[in-house]
Every structure is written in structure tokens, then in C-alpha cells.
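Chemist: Just the structure for this:
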Amino acid sequence: MEVETLAAMRAAGDTPIVLDVREPWEVELCAIPGCTHIPLGQLASRAGALPAEEVIVVVCHHGMRSAHATAWLRQQGFDRAINLAGGIDAWARRIDPSMKVY
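Modeler: Predicted structure coming up:
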């Protein structure tokens with residue numbers, strides 16, 4: 001999913017779960033408002049807290065970790081998990097330029 005698509009969904013009131021799989025120090029620097037934070041290394045042990053029937057947009061820094069997380073979630077039955085292309089970096093550069101980039 002492109003960042004513009006997620007921004008448009010949120011603006012229209014459609015609020016998919018945004019799952020941030022970055023490390024805590026990264027989330028402290030910047031995050032999409034309202035995101036759920038589960039570091040990638042904890043995803044296997046905490047995935048049960050996520051609703052499998054909901055759309056889950058997975059985000060990381062540039063999209064690589066979230067792509068792995070999305071693939072893993074889909075293997076676990078989270079059929080509506082979607083990777084956010086470009087990650088938080090693309091969000092900051094194209095949607096919220098006030099957000100810190102790193």
C-alpha cells in the first residue's frame with residue numbers, strides 16, 4: 001500500500017490498524033499517530049493480540065522489515081495484512097513533512 005492510500009483512508013474515517021514493527025528508539029523519534037507498536041522481534045509472541053479479521057497496515061523504516069512481518073502475518077492467517085511501501089520515511093517525506101526523518 002502506498003502512503004497516500006493510507007492517508008486517504010484515514011482522512012475518510014477508515015481506520016485500519018497501523019502496526020509499527022520498528023524498535024522502541026525508532027518509534028520515539030517519529031510515529032504515525034494512533035499506531036500499534038510491536039517490535040519485529042516480539043511479533044511472534046504478541047501477534048495473538050491483533051485481530052486477524054481486520055486490515056493491518058504494517059510499517060517500519062523503509063518497508064523491508066514490515067514486508068517480512070506482513071509475509072509472516074499472512075502465513076499465520078492475517079489475510080488482510082498489508083505492507084506500507086516506503087515505510088515511515090515515505091510517510092514523513094510525502095504525507096507529514098513536519099515528522100522527523102532518520
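Chemist: show me the residues around residue 30 that make contact.
Modeler: With Cβ atoms under 8 Å, 6 or more residues apart in numbering as the criterion, the residues that contact residue 30 are 88, 92, 99, 100, 101, 102. In short, each C-beta sits where N, CA and C put it, glycine included.
Chemist: could you pull out the helices for this structure?
Modeler: Counting by DSSP state H, the chain has helices at residues 3-11, 24-29, 43-46, 64-75, 87-94.
Chemist: and residue 35, which of these is closest to it?
Modeler: Closest of the helices of the chain to residue 35 is helix 24-29, at 7.9 Å (criterion: Cβ to Cβ).
Chemist: who's in contact with residue 69?
Modeler: Per Cβ under 8 Å, 6+ apart, neighbours of residue 69: 19, 21, 40, 43, 58, 60, 81, 83.
Chemist: ranking those residues by neighbours, who comes first?
Modeler: Of all these, residue 58 has the most neighbours under the rule other Cβ atoms under 10 Å, reaching 30 neighbours.
Chemist: what's the spacing between that residue and residue 5?
Modeler: In this structure, residue 58 and residue 5 are separated by 14 Å, where distance is defined by Cβ to Cβ, to the nearest Å.
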